[in-house]
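Student: no sequence for this one, just the structure:
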């Protein structure tokens, strides 16, 4: 039986309410069965999640990756059951057995949702605050995608218009990243985001009054968001009509991002557990689960109870989703008919293909000329941008230093921004001084699909980005970080700005590829390889680039293999011969290895120089290739890098030596710093002789 429709045009039936209560029961039973988890928020958010999935979102359970779908981001990932239960009810592929195996080995329902593991999960939201920042990135990508394919269409009329829905929590909004990302969203006037703030006043340590007292909505209003607040219904639960009205009003607001604060009671309607911190992260207990089932009209003796008429009702979304998809396909076909060239571009981009002949624009730099790799990177970006329209990005307010401006005449900014280069569909993103949000919004951009994004800052500030970088690696996202000023070589700014431990620390992240090119030609090859890998081997890449000029060598295609022989050992007559010692260098220190080789060769020691721009790429190669570059028979080896030497022990072996920097830097000219800290060709020669002695040569 339907309730009387209101001005919101929401039809809410008894079956809808029973489905919401079923979601609450499933949340309790799932946590109770495994003995751990977060039932309370999943119980209180059940009406909101159901309303979004069943009544408001445009999506298709039979094609979860449909390009025209709305996106849903559950920022408080600990309440994963909020999402899993809706995916089960809606028919996205989860079944009751998956809920019964919640948080257990091999299940499709891990403790926090994981993108790529469970169908319908748009992003991996583990650490709080990441999800809302991902949503901001998705909204940015949606706008840029519209600019690529349908920029002239009126608002809401394009097949590329859709909504990014997010649920956020107190914890998300306390994390600093949410402030960065929300400020950026307000500045960009991203009217395609709707965030529902679960204002339940509970955290692990109790009432949020322990740590939170600001007026969150006033803060968001100051960011430039459209804000609303809805109170509890008369029975303490959501007033579903009020919630629906607020959500539809937020979706209709296209000039500003929207946030709705909803006062909820955690673990509603559990008689004793509601409004308690215990219900946040612990099973309610058998007695409380049974008591709550009685309140909701369920049999306390049954577990995972789902009435046949309920699941039949909720899985009606499968057919509704197909119809919505078909209507979108019709709209897309009309667009195709009117825009054949853009349609061809759309097909190329969605297929992950690159424009024909794109590699031919890459520069080859003159050998013997000194060029900073950051400058070479900037030149490569400009030419790639000219032929790959889906490539875009920018910097955390350091574009002049990072050389990350792909098009100075086109800035990704809302139409009423006063800057003359402002364009809602612009190529160059100004992330502002928000490194953490830059990393997480880049993740959202990559997750949205159909564009290729990069973002730049100084390598030392990768610390601010690290949580987002780790999640990019976890999700295998093809994002590119342009990290410049990669060593003490940046000079006078001193130890606060000189990365020392960063390269080794970043290489410790599984799935992140660090590329530290030796010269301009390696930089061009690195960009080419990263661009190629976007579709075939998706992974985040961090380019570590120099501020100072470095020598340019002849290009060698083997740089794309991560490590290669830059200069071979030579015998007395200048002919190639087996090396007695191998010198391994990266980045700006390759030149030290080259200079040391000249000294060793002059002393009659056949010496090979190996440039290893990417340890990760090198380790992907087969053993035969790796052994051809670093023959196991050659025990005398030296690695040189202007950072801590942790990376290199596995390459140099017991007899090897490492010329590194095991302490912070100082403020001085970079040439002085290299000399004073012993990063010299003479130090490499000394280390090589020590290694030769240790190897018994």
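Tutor: Received it, and whenever you're ready, just let me know what you need. Since we're looking at a predicted model, the values are computed, not measured.

Student: buried stuff in the longest helix seen in the chain?
Tutor: In the chain, taking DSSP state H as the definition, the longest helix is helix 316-338. Going by neighbour count (16 or more other C-beta atoms under 10 Å), the buried part of helix 316-338 is 317, 320-321, 324-325, 328, 332, 335. (C-beta placed from N, C-alpha, C; glycine too.)

Student: So what touches the helix or strand just after that helix?
Tutor: Counting by DSSP states H and E, the next helix or strand C-terminal to helix 316-338 is helix 340-350. Outside helix 340-350, the residues that touch it by C-beta atoms under 8 Å, 6 or more residues apart in numbering are 67, 148-150, 335-336, 354-355, 389-390, 449-451.

Student: And the buried ones among the residues you listed, selectable in PyMOL?
Tutor: Command for PyMOL that selects the buried part of the contacts of helix 340-350, burial taken from 16+ other C-beta under 10 Å:
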select buried, resi 67+148+149+150+335+354+389+390+450+451
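
Student: Now flag whichever of the contacts of helix 340-350 is closest to residue 136.
Tutor: When the contacts of helix 340-350 are ranked by distance to residue 136 (C-beta to C-beta), residue 451 comes first, at 14.6 Å.

Student: Contact partners for that closest one?
Tutor: Counting by C-beta under 8 Å, 6+ apart, residue 451 makes contact with 141, 144-145, 148, 349, 390-392, 445.

Student: Relative to residue 202, how far out is it?
Tutor: Using C-beta to C-beta, to the nearest Å, we find residue 451 at a distance of 38 Å from residue 202.

Student: got it, and residue 602?
Tutor: As judged by C-beta to C-beta, residue 602 and residue 202 stand 73 Å apart.

Student: just residue 32 next, same as before
Tutor: Separation of residue 32 from residue 202 (C-beta to C-beta): 20 Å.

Student: of the two, who's got more company?
Tutor: Set residue 32 next to residue 202 and count neighbours by other C-beta atoms under 10 Å: residue 202 wins out with 26 against 19.

Student: Quickly find the element holding the residue most central in space within the chain.
Tutor: The residue lying closest to the centre of the chain (C-alpha atoms, centre = their mean) is residue 443, at 2.5 Å. Residue 443 belongs to helix 435-448 when elements are defined using DSSP H and E.

Student: right, and the helix or strand after that helix?
Tutor: Following helix 435-448 in sequence order, the next helix or strand is strand 452-458 (DSSP H and E).

Student: what sits up against that next one?
Tutor: Contacts of strand 452-458 (C-beta under 8 Å, 6+ apart): 141, 381, 388, 390-396, 398-399, 401-404, 429, 431, 435, 438-439, 442, 445-446, 464-465, 478-485, 490, 497, 499, 531, 534.

Student: Take these and keep only those in strands.
Tutor: If you go by DSSP state E, the contacts of strand 452-458 have 391-395, 429, 480-484 in strands.

Student: Format those residues as TSV; extra columns: neighbour count.
Tutor: Output for these, formatted as TSV (neighbours: other C-beta atoms under 10 Å):
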residue	neighbour count
391	21
392	26
393	28
394	26
395	26
429	28
480	26
481	28
482	27
483	27
484	26
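
Student: just those now: which is nearest residue 296?
Tutor: Nearest to residue 296 among the ones in strands among the contacts of strand 452-458: residue 429, at 47.7 Å, using C-beta to C-beta.
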